[in-house]
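Trainee: The following comprises the amino acid sequence and a computationally predicted model.
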Amino acid sequence: MTTALAQDLRQQLLEELDWEPKLGTSQVDVQISDRGIVTLTGLVKSYAEKVAAERATRRVRGVHAVVNDIDILLPMVHERSDPAIAEAAVHALEWNVLVPHDAIDVRVSDGWVRLSGTVDWNYQRTTAADVVKFLTGVKGITNRITVRPRVLVPDVRARIEAALRRNADVEAHGITVQLEDSTVTLRGRVQSLAERAAAESAAWAAPGVTTVKNELAIEA
C-alpha cells in the first residue's frame with residue numbers, strides 16, 4: 001500500500017469512527033500497515049464502545065485485518081463488582097429468547113466475563129456474547145461456548161453454496177466450500193472484511209455445522 005493510499009484509508013477510517021454514534025466523545029486513533037492491517041488505539045468508556053470501534057473499522061473498504069488495542073477506562077459510576085456483573089449477565093441471558101440460558105455458564109473475574117457451555121447453533125453462541133457485552137462494568141468477554149455436533153443434513157455443501165449465491169453482500173463466484181465431517185472451510189477472495197464475515201455467517205447457518213474455517217483472502 002502506497003503512502004497516499006494509506007493516508008486516504010486513514011482519513012476514511014477516522015471519518016467512519018467519528019460517524020459512529022456509539023463512540024460518543026471517545027477518542028480512537030488508527031495506524032495502518034502496508035498490508036492494510038489496522039491497529040486501533042485510544043481510550044473508551046465501555047467494552048461496548050471498544051466493539052463498536054472495531055465494527056466501524058471493519059466496514060471500511062481496504063481494511064484487511066484489525067488489531068484492537070483500545071483500552072477501557074470505566075467511569076466511577078460504571079464500576080461494578082464481579083458478583084454484580086455475573087448476576088446481571090445471568091438475568092440478561094435468561095431474558096433473551098434466542099439464548100438457551102440453562103446451557104450457559106457465566107464466570108467473572110476483574111470485570112472480564114467468561115462464557116462456557118454447549119448450544120445447538122452458532123447464532124446462540126454469538127448472541128450470548130452480544131447480550132453480555134452491553135452490560136455496565138464489563139471489561140471484556142471470552143466466549144468458550146461450543147456448538148453441539150449433530151447429523152449433517154443431506155447436500156449441506158450445496159445448500160451453503162446456494163445460500164452464498166442468495167446473499168446480496170457476497171460475491172459467491174469467488175468462494176469455494178469444502179466440507180469435512182462437520183467442519184466447513186471457505187477459500188477464495190472477497191472484496192472486504194464485511195463480505196468475509198457475511199460469507200462465514202451463511203456457512204454457520206447450515207444445520208449440523210460445528211466449525212467454520214474462514215480462509216477467505218481480501219483482495220488488495
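Mentor: It's in.

Trainee: So what touches whatever helix or strand Y123 lives in?
Mentor: Using DSSP states H and E, the element containing Y123 is helix 122-133. The contact list for helix 122-133, computed with Cβ atoms under 8 Å, 6 or more residues apart in numbering, reads 47-48, 51, 89, 92-93, 96, 98-100, 104, 106, 113, 115, 119, 138, 141, 143, 145-147, 204-205, 209, 212. The way it works is simple: take the backbone N, C-alpha and C, and place the C-beta from them, glycine included.

Trainee: In PyMOL, how would I select the buried members of these?
Mentor: Restricted to buried positions by 16 or more other Cβ atoms under 10 Å, the PyMOL selection for the contacts of helix 122-133 reads:
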select buried, resi 47+48+51+89+92+93+96+99+104+106+113+115+119+138+141+143+145+147+204+209+212
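
Trainee: returning to what we had before: ok, and what's touching the next helix or strand after the helix holding Y123?
Mentor: Note on helix 122-133: by DSSP H and E, the next helix or strand toward the C-terminus is strand 140-147. Contacts with strand 140-147, where a contact means Cβ under 8 Å, 6+ apart, come from 47, 72, 104, 111-122, 124-126, 128-129, 132-133, 209-211.

Trainee: Just the buried residues from those residues, in PyMOL please.
Mentor: The buried subset of the contacts of strand 140-147, as determined by 16+ other Cβ under 10 Å, is captured in PyMOL by this line:
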select buried, resi 47+72+104+111+113+115+117+119+121+122+124+125+126+128+129+132+133+209+210+211
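
Trainee: ok, back up a step: dump the helix holding Y123 to PDB, keeping only the CA atoms.
Mentor: Taking C-alpha atoms only, helix 122-133 is exported to PDB below (Å, rounded to 0.1, in the frame of the first residue of the first chain):
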ATOM      1  CA  ASN A 122     -23.700 -20.800  16.400                       C
ATOM      2  CA  TYR A 123     -26.200 -17.900  16.500                       C
ATOM      3  CA  GLN A 124     -27.000 -18.900  20.100                       C
ATOM      4  CA  ARG A 125     -23.300 -18.800  20.900                       C
ATOM      5  CA  THR A 126     -22.700 -15.300  19.400                       C
ATOM      6  CA  THR A 127     -26.000 -13.900  20.800                       C
ATOM      7  CA  ALA A 128     -24.900 -14.800  24.300                       C
ATOM      8  CA  ALA A 129     -21.800 -12.700  23.900                       C
ATOM      9  CA  ASP A 130     -23.700  -9.900  22.300                       C
ATOM     10  CA  VAL A 131     -26.200  -9.800  25.300                       C
ATOM     11  CA  VAL A 132     -23.400  -9.600  27.900                       C
ATOM     12  CA  LYS A 133     -21.100  -7.100  26.200                       C
END
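
Trainee: what is the mean pLDDT for it?
Mentor: Mean pLDDT, computed over helix 122-133, is 96.

Trainee: Next, the angle from it to strand 140-147.
Mentor: Per axes from the mean of the first three to the mean of the last three Cα atoms, to 10 degrees, the angle that helix 122-133 makes with strand 140-147 is 160 degrees.

Trainee: ok now helix 122-133, how far from the chain's centre?
Mentor: 10 Å (Cα atoms, centre = their mean, to the nearest Å).

Trainee: do stretch 26-44 as well
Mentor: 17 Å.

Trainee: Help me confirm that K213 is found in a helix?
Mentor: No. K213 sits outside any helix when classified using DSSP: H, G, I helix; E, B strand; the rest coil, being strand.

Trainee: Does it touch L186 like I think?
Mentor: Yes. Using Cβ atoms under 8 Å, K213 is in contact with L186, at 7.0 Å.
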